[in-house]
Structure formats: C-alpha cells, structure tokens
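Participant: sharing a model that was predicted from the sequence below.
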Amino acid sequence: MLAKIIYKTVLGGLIAYATLLILYIILPIEFSKNEFKEITFRVIWFTGPILFLLTLLKLTITRKTKSETISQVISTVILSIVIFVFLGMYWFCAVMSGFVEDKILFEKKNSRQKILLRHHDVGGAYNSDLPKHEINRVIPLTKYFQIGIKTDTTNIDKNMWTSIEN
C-alpha cells in the first residue's frame, strides 16, 4: 500500500514538472511577476531530489532480487545527480544572474493588454551580448501568467492603443 502511494506521488510530481517545463519552453506563456517564477522553480529545485529519494524508499519496500535492487538504486542515484546538476545550471542561467525591467509604452483601450519595452540586464556568464532591449505585447491570462509576444510598434492602431508618457 505504501509503495503504491509513493509511486503515485513520484509519478504525479514528475508529470507536473515535465508539463510545466514543456509549456514554459514551447508556449509564449510567462510569469506575470518575476517572484512567481522564482517561487515555482524553487519548489521544483527542492522537491525534485526528494521525489527521487522517494523512489529509493519504494525500492526498499518492494521485494526484488538483490541485483535488481542494486541496479535500480544506482540508476536512481545517477538520475538524481544528473537532474540536480541540470536544475542547478538552469537556476544559475535563468533565475540567479539577471533581471528584467519593464517600461510601459502603450496600453490598450478597454483592455488590460500592454506593450512594454523590456530591458534585460544579465550578469554572470552571459554578460557579453546584454543589455538587450525588446518590445513585447503582454496579454494577461491570470493573476500569475501572461502571454508575451514580440511586436512592432510602427504599425500600431492609435485608436485602439494609448501612449503612456513616462
């Protein structure tokens, strides 16, 4: 019974991680605040190794031959180390070494959509080609997520958008 609970917990966690990362990479969805992104990836950072250690616990509960158990323990430990290293690299590159500052250029009338000038300033290993500026149209989805799409402001319809003077 305990082995099934551990199995379902680990499987659910891994499916949630994979889904979140795939959606984050493929879709133009982004976090509406940088704090939300940091919290989400901290949760992944700290719970990921715990999920793999739970697989080791499951291995000790189930009855298998000694050679099967040893090979599964070794593969679980190696997989945990690899995932820990990749999460660490992601954390260093995407979260710890930079910030994004937004300046609102336009707001859409009768909507919460905005066009932003984004100033990316990243330190650390990726300081060679930055700071980088881009203009993005931001469409709010929920309190936590939004869609960011690169856009061109030369063809903007002035009847639909209001310029924000800062």
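Facilitator: Now that the structure is in, tell me what you want to look at.

Participant: what number of residues lie near residue 106?
Facilitator: 21 (other C-beta atoms under 10 Å). For glycine as for every other residue, the C-beta is placed from the backbone atoms N, C-alpha and C.

Participant: my error: substitute residue 146 in the last question.
Facilitator: Residue 146 - counted by other C-beta under 10 Å - has 20 other residues nearby.

Participant: could you chop this protein up by domain?
Facilitator: Domain assignment for the chain, taken from automatic domain parsing, gives 2-96, 98-163.

Participant: could those go into JSON lines alongside mean pLDDT?
Facilitator: As requested, these are exported to JSON lines (pLDDT from 0 to 100):
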{"stretch": "domain 2-96", "mean pLDDT": "75"}
{"stretch": "domain 98-163", "mean pLDDT": "77"}
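
Participant: got the contact list for the nearest residue to residue 145 once chain neighbours are set aside?
Facilitator: Distances taken as C-beta to C-beta, 6 or more residues apart in numbering place residue 29 nearest to residue 145, at 5.5 Å, with adjacent residues excluded. Neighbour list for residue 29: 23, 141, 145-147 [criterion: C-beta atoms under 8 Å, 6 or more residues apart in numbering].

Participant: what's the most distant pair in those?
Facilitator: Maximum pairwise distance among the contacts of residue 29 (C-beta to C-beta): 13.4 Å, between 23 and 146.

Participant: touching, residue 51 and residue 12? I think so.
Facilitator: No - with contact defined as C-beta atoms under 8 Å, residue 51 does not count as touching residue 12 (9.2 Å).

Participant: counting neighbours, go ahead and name the busier of these two.
Facilitator: Neighbour count, other C-beta under 10 Å: between residue 51 and residue 12, residue 51 has more, with 20 against 11.
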